[in-house]
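# Structure here, sequence nowhere to be found:
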């Protein structure tokens, strides 16, 4: 699941960086989030995870990633027991991704929401802010 999260995250960042130079950073972020969602979401399930959508909130300068967990990953108890480890992986992913430098320099936030396929309930919600990276 961690590798898939990193792959999706890297793809989105690369797509964001390829947008025209004349757009503001917010314009680019909003456009790429919308384009990614329209073109690829929902993604096929890989490693018990599906990407449902990606949005960008201009008012808070935050990317919102929405995922659904399936199969063995769709387990509230396991997620609860590993909440801090999962958060640490997401924070490290943001912190270590050099392709996100422009967004991090601008103080963008990254919000991750993981829902259960079986219940529809949120199993994990993590916000990564400039204080974290």
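Cool, got the structure. Since this is a predicted model, take the numbers as computed values, not measurements.
# Which parts of this protein are helices?
Assigned by DSSP state H, the chain shows helices spanning 2-17, 25-40, 76-81, 83-96, 101-105.
# Spit out the contact partners of residue 73.
1, 47, 48, 49, 79 (CB atoms under 8 Å, 6 or more residues apart in numbering). In this view, the C-beta of every residue, glycine as well, is placed from N, C-alpha and C.
# you'd agree residue 128 is up against residue 104?
No. With contact defined as CB atoms under 8 Å, residue 128 does not count as touching residue 104 (9.7 Å).
# so what sits against both of those two?
Shared contacts of residue 128 and residue 104 (CB under 8 Å, 6+ apart): residue 94.
# If you count surrounding residues, which of these two has more?
Neighbours were counted for residue 128 and for residue 104 using other CB atoms under 10 Å; residue 128 has more, 22 against 17.
# Tell me how far that one lies from residue 119.
Using CB to CB, to the nearest Å, residue 128 is found at 25 Å from residue 119.
# Flag the shaky bits of this protein, pLDDT-wise.
1-22 (pLDDT under 70).
# Distance check, the residue sitting nearest the centre point of it against residue 77.
With distances taken as CA atoms, centre = their mean, residue 65 lies nearest the centre of the chain, 3.6 Å away. Relative to residue 77, residue 65 is positioned 23 Å away (CB to CB).
# Then residue 106?
38 Å.
# Comparing those two, which residue is more hemmed in?
Set residue 106 next to residue 77 and count neighbours by other CB under 10 Å: residue 106 wins out with 13 against 8.
# Next, count neighbours for residue 102.
So residue 102, with other CB under 10 Å, has 14 neighbours.
# what's the closest non-adjacent residue to it?
For residue 102, ignoring the flanking residues on the chain, the nearest one in space by CB to CB, 6 or more residues apart in numbering is residue 25 at 6.5 Å.
# Pretty sure the one you found sits against residue 106.
Yes. Taking CB under 8 Å as the definition, residue 25 is a contact partner of residue 106 at 5.5 Å.
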